[in-house]
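**Q** One predicted model, sequence on top.
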Protein chains: 2
Amino acid sequence: MTAVQERSKTRRQRLLDAALEVFTSHGYSDAAIDQIARASDTSKGGLYFHFPSKQALFLALLGEASAALLTDVETAMAAETDPLARGDAALREVLHAFGGHRLLARLLLIDAVGAGKEFAVKLDELHAAFAALIARCLDDAVAQGLIPPQDTRLAAQAWYGAVNHVVLRWLMTGEPRRLEDAYPALRRLLLFGVTGASQEKVR
Amino acid sequence: MTAVQERSKTRRQRLLDAALEVFTSHGYSDAAIDQIARASDTSKGGLYFHFPSKQALFLALLGEASAALLTDVETAMAAETDPLARGDAALREVLHAFGGHRLLARLLLIDAVGAGKEFAVKLDELHAAFAALIARCLDDAVAQGLIPPQDTRLAAQAWYGAVNHVVLRWLMTGEPRRLEDAYPALRRLLLFGVTGASQEKVR
DNA sequence: TCAAACAAACCGACTAGTCGGTCGGATAGT
DNA sequence: ACTATCCGACCGACTAGTCGGTTTGTTTGA
């Protein structure tokens, strides 16, 4: 890689880092391009050399963030073979990833939601990817007779939503102090519901 | 009530209706005050007579919407005595209310989230109120020995999140066609988890 | 070896347009 | 006559995106 390309790459990264910072602290609309340029120690012109518009910059940020999260979760899942253990791993990894990257959580769970219709598609992709991951797990579990047949799509949505909201709560109120602490109760709930019957059967 | 007061009241309502329409179709930031004034068949000056700022208008809208939803749910719950039946009623009522008022759902679940830090408090109040309602149910159920002791706060959060996300899905993708159709599967999932054991015990 | 020519990357003042909020005046109810 | 309500032209602040020009790195050819 030539020196030019390398510099360009680090510039791009600097811009993305600054964008993450500014977008998450002000929200998409209230984040000014000038602010991002300043925060990245580059310039507005430089920013517009790398990204054609504010929207494209935000989209790129969303893309990188969600891709990173997804691969993290996928590798964590790949380490397990049992379908339910894979679900466990996914849950643990999500809590761990968000717990360690507050800004990433804010970006994906708060800022991306209210940023406007233009981003709904991208966001939907992320939701769909996650839901598919979970639904896959559940389908496998059903196929192996570990859990009874059911609407796995809806179950996946509900799981996703439950986790989502616990993370959101953590972002907004700071509870629980360490996000990962929610894991055991959340796991139990997702598997057995509030009635909590037959816990021993699967564990 | 004098004629003036009455006119004022209907004006205010017209403004709120228009605000709901415009805010939900463009998002908070991209909704222009002029647009709302036009949509309400009144004027910008008139709007600013009734609401001191854009923020206050949105806040008022949020307040009315969430209050309406809450009382709906509370009355539905009051009709039942058994804690779990109360939870059921709440779930049914929420799905019914959102299912019948798309814009209300959009406002509370999408637009309010990304509108900015200023609204986080109000949104938090709503979350807390709902979570408290559910947690109360669960606590009662625990006290009556219907379900085992557990972290009812977290369970309430997770329930809320799950329902939230199913509604969101409905808003964004249109699935399921009728929101209420999600009720049976959702209920089963919240009570028994994916393992779904011992369904007959409680029902 | 080293200019000179070229291209990619970068800069920031400027443009053009938007939008929340104001204000002086009009109008309707009492 | 007096007040509450309503109107819309206007103001000032702000900002996404542009553009002419500069810097930095690479290639060419003598």
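**A** Received the coordinates, thanks. Numbers count the residues shown, from 1 in each chain, chains lettered A, B, ... in the order given.
**Q** Please tell me how far A:R188 sits from B:G193.
**A** Separation of A:R188 from B:G193 (C-beta to C-beta, to the nearest Å): 8 Å. Just so you know, the C-beta spots here come from the backbone N, C-alpha and C atoms, and that holds for glycine as well.
**Q** does A:L107 really touch A:A65, like I thought?
**A** Yes: the pair A:L107 / A:A65 is scored as a contact, 5.7 Å apart, by C-beta atoms under 8 Å.
**Q** Check the contact lists of those two and give me the overlap.
**A** Counting by C-beta atoms under 8 Å, 6 or more residues apart in numbering or on different chains, the shared contacts of A:L107 and A:A65 are A:L20.
**Q** re earlier: please say which of A:R188 and B:G193 ends up with more neighbours.
**A** When neighbours are counted by other C-beta atoms under 10 Å in any protein chain shown, B:G193 comes out ahead of the other of A:R188 and B:G193, with 27 against 19.
**Q** Who are the contact partners of that one?
**A** Residues near B:G193 by C-beta under 8 Å, 6+ apart: A:189-193.
**Q** low-confidence ranges in chain A?
**A** A:1-5, A:7-8, A:197-203 (pLDDT under 70).
**Q** tell me the domain ranges of it?
**A** As given by automatic domain parsing, the domain ranges for chain A are A:1-51, A:59-202.
**Q** who touches A:A135 in this structure?
**A** With contacts defined as C-beta under 8 Å, 6+ apart, A:A135 is in contact with A:152-153, A:155-156.
**Q** Excluding chain neighbours, what is closest to A:V167?
**A** A:F98 (5.1 Å; C-beta to C-beta, 6 or more residues apart in numbering or on different chains).
**Q** how close does the one you found sit to B:V73?
**A** Look at A:F98 and B:V73: by C-beta to C-beta, they are 29 Å apart.
**Q** What of A:R188?
**A** 26 Å.
**Q** and if you look at A:V113?
**A** A:V113 sits 23 Å away from B:V73, going by C-beta to C-beta.
**Q** who's in contact with the residue of chain A found nearest DNA strand C?
**A** Evaluated by C-beta to the nearest atom of the strand, chain A has A:G45 as its residue closest to DNA strand C, separated by 2.2 Å. If you count contacts by C-beta under 8 Å, 6+ apart, A:G45 has none.
**Q** can you tell me the helix or strand for the closest residue in space to A:L47 that isn't next to it in sequence?
**A** Excluding its sequence neighbours, the residue lying closest to A:L47 (C-beta to C-beta, 6+ apart) is A:A37, at 5.0 Å. In this structure, A:A37 sits in helix A:33-39 according to DSSP states H and E.
**Q** can you list contacts of that helix?
**A** With contact meaning C-beta under 8 Å, 6+ apart, helix A:33-39 is reached by A:15, A:18-19, A:21-23, A:26, A:43-44, A:46-47, A:54, A:57.
**Q** For A:L61, which non-adjacent residue is closest in space?
**A** Closest residue to A:L61 in three dimensions, ignoring its sequence neighbours and counting by C-beta to C-beta, 6+ apart: A:A19, at 5.3 Å.
**Q** In three-state terms, how would that neighbour be classified?
**A** With DSSP: H, G, I helix; E, B strand; the rest coil as the basis, A:A19 sits in helix.
**Q** does it really touch A:Q55, like I thought?
**A** No: between A:A19 and A:Q55 there is no contact under C-beta under 8 Å: 11.8 Å.
**Q** Just want to know which of these two has more residues nearby.
**A** Taking other C-beta under 10 Å, A:A19 and A:Q55 do not tie; A:A19 has more neighbours (25 against 14).
**Q** Can you tell me how far that one is from DNA strand D?
**A** From A:A19 across to DNA strand D, the span is 11 Å (C-beta to the nearest atom of the strand, to the nearest Å).
**Q** Over to A:A115?
**A** Noted for A:A115: a distance of 12 Å to DNA strand D, by C-beta to the nearest atom of the strand.
**Q** I appreciate the help and will end here.
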